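Colleague: Show me the folded form of this:
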Amino acid sequence: MSPGRRWRPLFRLPRLGRRAVARDLEHQVDDELAFHIRMREERLTRLGMSPEAARADAIARFGDHERIRAECLTIDQQYARETTMVDWLESIVADIRFALRTLRRARAFTVIAALTLLVAFEKLAPLGAWSARVSGAVLLGLAAWMAVRP
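Modeller: Below you'll find the predicted structure:
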């Protein structure tokens, strides 16, 4: 599986709920289209047309029902995808904020975790120079962070 394909499922609607969401969107679009036809039909009836003629005229004026339905479904599905992705990203940002707040409160844990990561970088890095730069940068960043925070 290519690297791009591994991340793609994260941006989709949940597997079990996808069909239910699609059915719900279809029902909402059908209800909305029926509402518009019904409103036009009522207005024409108030203007003096018979109910049958008003309904036929409302449907005729509405246009190609299936094309409009398909277009509305496409728009709603795209909106649902975008909303899901935004919710996912907001969740990640909230998790990162929580982690940073927790690390700021537990300084001893933060230092131990940073040192553990430094040791891991030292052991796993194939190039000693790269590892030294990473370790130095992390230590400098940690020292600056500890100096700034009371």
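
Colleague: what about Ala60, which SS state?
Modeller: Here Ala60 is recorded as helix under DSSP: H, G, I helix; E, B strand; the rest coil.

Colleague: how many other residues sit next to it?
Modeller: The burial count assigned to Ala60 is 8, neighbours taken as other C-beta atoms under 10 Å. Heads up, the C-betas are built off the backbone N, CA and C, glycines and all.

Colleague: what's the spacing between Val111 and Val138?
Modeller: Using C-beta to C-beta, to the nearest Å, one gets 11 Å for the distance from Val111 to Val138.

Colleague: gap between the helix or strand where Leu100 lies and the chain center?
Modeller: With elements taken from DSSP states H and E, the one containing Leu100 is helix 65-105. In terms of C-alpha atoms, centre = their mean, to the nearest Å, the gap separating the centre of helix 65-105 from the centre of its chain is 2 Å.

Colleague: State the mean pLDDT of it.
Modeller: Looking at helix 65-105 alone, the average pLDDT works out to 86.

Colleague: And that helix, what does it pack against?
Modeller: On a contact count with 3 or more C-beta pairs under 8 Å, 6 or more residues apart in numbering; DSSP states H and E, helix 65-105 meets helix 18-46, helix 107-124.
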